[in-house]
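1. What shape does this take:
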Amino acid sequence: MLWRRGEVKTELQKTLLTFILVAAFGGAIGVVAFGAGLINMPVVNYYLHGSQATMVHAHLAMPLAYGVPTMLMWTFAFYLAGGFNDRTLATLRKAVVVLAIGFYIQVTLSLGVLMYMQFDKGSQLGYWYIKSLITPDGTLTGFWTDPTVKTIVWARLAGDLIAAAGIAVFLVSILRAFPKALKAG
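-> Here you go, the predicted structure:
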């Protein structure tokens, strides 16, 4: 066991653990649940291929399961090179949690709701409808021009801004520490 309960004491240990947990949780939900478990099931894929279900998978898997470990490698390298101190690590630990919260808000308020709506409408009207701006006969509003859908699309902005704040803290920290980390090499 890497750490026993109560033995995580240094900022580096806390940072490693936080980044690993954020990546693991993002991987479990984004990669496994929504990727392998949901959108790859043939019965679901038939109705949702190329829909917002793919976006839910991508918005959790890519930044959390793949991006956060990359951010951790940069963080660890900058710490070892002397570019980051314990105070920066504490800040980055909070920033990665804010980043994750932003992506979960995107999925909860917008992408997941759109996924459900597309599955519902696609199973009722056909796959063509979930991709429509207008309907061929003009009797229905196209999926993407429906006023409710437009509102839900804009609801994603809250998560976008929160995730952007988290990544901005990381990027600013990297830029500020870059000259100091270069001197150590």
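2. where does this structure have low pLDDT?
-> Within the chain, the segments meeting pLDDT under 70 span 1-6, 8, 184-185.
3. where along it do the helices fall?
-> For the chain, applying DSSP state H gives helices covering 11-26, 42-48, 52-60, 68-80, 86-106, 112-125, 127-130, 147-184.
4. buried set for the fourth one?
-> Of the residues in helix 68-80, those scored as buried under the neighbour-count criterion (16 or more other C-beta atoms under 10 Å) are 68, 69, 71, 72, 74, 75, 76, 78, 79. Placement of C-beta: from N, CA and C, glycine included.
5. Any chance of CSV for these, columns distance to residue 62?
-> Output for the buried residues of helix 68-80, formatted as CSV (distance: C-beta to C-beta, whole Å):
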residue, distance to residue 62
68, 10
69, 12
71, 12
72, 15
74, 17
75, 18
76, 21
78, 22
79, 25
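6. Let me know the closest of those residues to residue 170.
-> The shortest gap between residue 170 and any of the buried residues of helix 68-80 belongs to residue 71, at 5.9 Å (C-beta to C-beta).
7. The closest one - nearest residue in space that isn't next to it in sequence?
-> Leaving aside its chain neighbours, residue 71 sits nearest to residue 170 (5.9 Å; criterion: C-beta to C-beta, 6 or more residues apart in numbering).
8. got a list of what that neighbour touches?
-> Residues in contact with residue 170 (C-beta atoms under 8 Å, 6 or more residues apart in numbering) are 71, 92, 95, 96, 99.
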